[in-house]
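# what shape does this take:
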Amino acid sequence: VLRRSRECLPFALKAYAGGNFPEGPGYWIYASDYTAIALDTLSRQFADGAPELFATEGLALQCEYMDLMTGSTGLLFNYSDPFRNPCAQREPAAANCYFGLKFGRPGAFAAEVARMDERHTFGRVAAFALFWSDGSAASASNPVLCRSLGGSNPVAILRTGLGPDDWYVGVKGGRPSSNH
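Predicted coordinates:
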């Protein structure tokens, strides 16, 4: 089962191409939490650490994805399934802890814990986040303010800062035939 999972997971990881996720941030949290569990499990089970899985194009950019998709109001730029309700707010994501640890983004764990305290929730796989702590008490520094993310459903994010009074603009491109 582990060998076959290692062989097949790269097909699913192609969804992260270009640093984007074609189905948007709502589905990103769900899919990426389980992706992080699978990556962590496979890297621990094989002596070589399954390095080919982490070389997937766009995967290293995932530790910034949800921050980029969160506007200055705290609401998501949910370009694939737009709706305005409490679910559209940025929720904590255990996957951010894993991607931050794996791809060298100090403070990712602390940022998610702060989000958990603010929202009083951590999601369905919170216990796994404890394994992915980087031991840092500080939030991530040097946030990305502008980025173009490729893939099958490209988006561009432009912002002036991270404060509630800063400007945030998200633009979706691509073809109408892509997911969502």
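
# name the helices or strands packed onto the worst-scoring helix or strand of the chain on mean pLDDT?
One helix or strand of the chain scores below all others by mean pLDDT, DSSP states H and E: helix 108-119, with a mean of 83. For helix 108-119, the elements it packs on are helix 94-102, helix 126-131, judged by 3 or more C-beta pairs under 8 Å, 6 or more residues apart in numbering; DSSP states H and E. (C-beta placed from N, C-alpha, C; glycine too.)

# okay, now residue 161: neighbour count?
12 (other C-beta atoms under 10 Å).

# what sits against it?
72, 145 (C-beta atoms under 8 Å, 6 or more residues apart in numbering).

# could you check the pLDDT of it?
Residue 161 is assigned a pLDDT of 91 by the prediction.

# can you tell me how far it sits from residue 62?
Separation of residue 161 from residue 62 (C-beta to C-beta, to the nearest Å): 22 Å.

# got it, and residue 2?
23 Å.

# ok, residue 78 touching residue 28?
No - the pair residue 78 / residue 28 is not scored as a contact, 9.7 Å apart, by C-beta atoms under 8 Å.

# higher neighbour count, those two?
The residue with more neighbours, out of residue 78 and residue 28, is residue 28; 26 against 20, by other C-beta under 10 Å.

# just to revisit the earlier point, intersection of neighbour lists for residue 78 and residue 28?
Between them, residue 78 and residue 28 share the contacting residues residue 69, judged by C-beta under 8 Å, 6+ apart.

# can you pull out the helices in this protein?
Applying DSSP state H to the chain gives helices spanning 2-13, 24-45, 51-54, 62-69, 94-102, 108-119, 126-131.

# for the closest residue in space to residue 63 that isn't next to it in sequence, give me its contacts.
Nearest residue to residue 63, sequence neighbours excluded (C-beta to C-beta, 6 or more residues apart in numbering): residue 99, at 3.8 Å. By C-beta under 8 Å, 6+ apart, the contact set of residue 99 is 32, 36, 59-60, 62-63, 105, 108.

# pLDDT below threshold where in this protein?
82-87, 137-141, 178-180 (pLDDT under 70).

# how near is residue 114 to residue 154?
30 Å.

# so which of the two has more stuff around it?
Comparing residue 114 with residue 154 by other C-beta under 10 Å, the one with more neighbours is residue 154, at 19 against 13.

# got the contact list for the closest residue to that one other than its chain neighbours?
Counting by C-beta to C-beta, 6+ apart, residue 154 lies nearest to residue 173, which is 4.4 Å off, once chain neighbours are set aside. Neighbouring residues of residue 173 by C-beta under 8 Å, 6+ apart: 153-156.
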